[in-house]
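Novice: Provided below for reference: sequence and predicted model.
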Amino acid sequence: MIKYTIEYPMRSSVKILYNAVATPSGLSEWFAENVRLNNKNYVFTWEGYDEEASIVSKKANSHIKFSWIDEEDKPYFEFKIQVDDITNDVSLIVTDYAEDEEDKSDATRLWDKQIQKLKSSIGS
């Protein structure tokens, strides 16, 4: 298992970006076809298939970390918002896991595509 992080510069306020990565309505705009709450877990739907994730940790306007319920081999995925102290530039840092280098390459391309959708949805 390979842990990797990808940093994406974002032209957005922290509050708008956090809403997009941490709420079911925000995530439904770019991450999955539909996202809903089931008790305290998030249920993500892609092409009619549901995957459920629990929130491992979160801090408003800072980060949210999810763990897939039915996938023990992938410890978590996380969205972290970072603001440069000097320039106030906002970045979104995605942390995820891959099986091997080929899987990491495929996953990185998917994240790049998804983050483009995110940027479009929030006007970044």
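Specialist: Arrived safely.

Novice: low pLDDT regions in this structure?
Specialist: Per-residue confidence for the chain (pLDDT under 70) gives these ranges: 72-74.

Novice: longest strand in it, by residue count?
Specialist: Determined from DSSP state E, the single longest strand within the chain is strand 49-59.

Novice: Which helix in the protein has the most residues?
Specialist: Longest among the helix segments of the chain by residue count, using DSSP state H, is helix 101-122.

Novice: hmm, who's touching that one?
Specialist: Helix 101-122 is contacted from outside by 2, 4, 6, 8, 10-12, 16-17, 20-21, 29-31, 92, 94, 96, 98, 124, using Cβ atoms under 8 Å, 6 or more residues apart in numbering. Every residue, glycine included, has its C-beta placed from N, CA and C.

Novice: Mind listing the strands the longest strand of the chain pairs with, and their directions?
Specialist: Using DSSP bridges, strand 49-59 pairs in its sheet with strand 41-46 (antiparallel), strand 63-68 (antiparallel).

Novice: buried set for the longest helix of the chain?
Specialist: Buried residues in helix 101-122, counted by 16 or more other Cβ atoms under 10 Å: K104, A107, W111, I115, L118, K119, I122.

Novice: what does stretch 13-28 give?
Specialist: Buried residues in stretch 13-28, counted by 16+ other Cβ under 10 Å: V14, I16, L17, Y18, N19, A20, V21, A22, G26, L27, S28.

Novice: ends of it, how far apart?
Specialist: Distance across stretch 13-28, first residue to last, is 19 Å (Cα to Cα, to the nearest Å).
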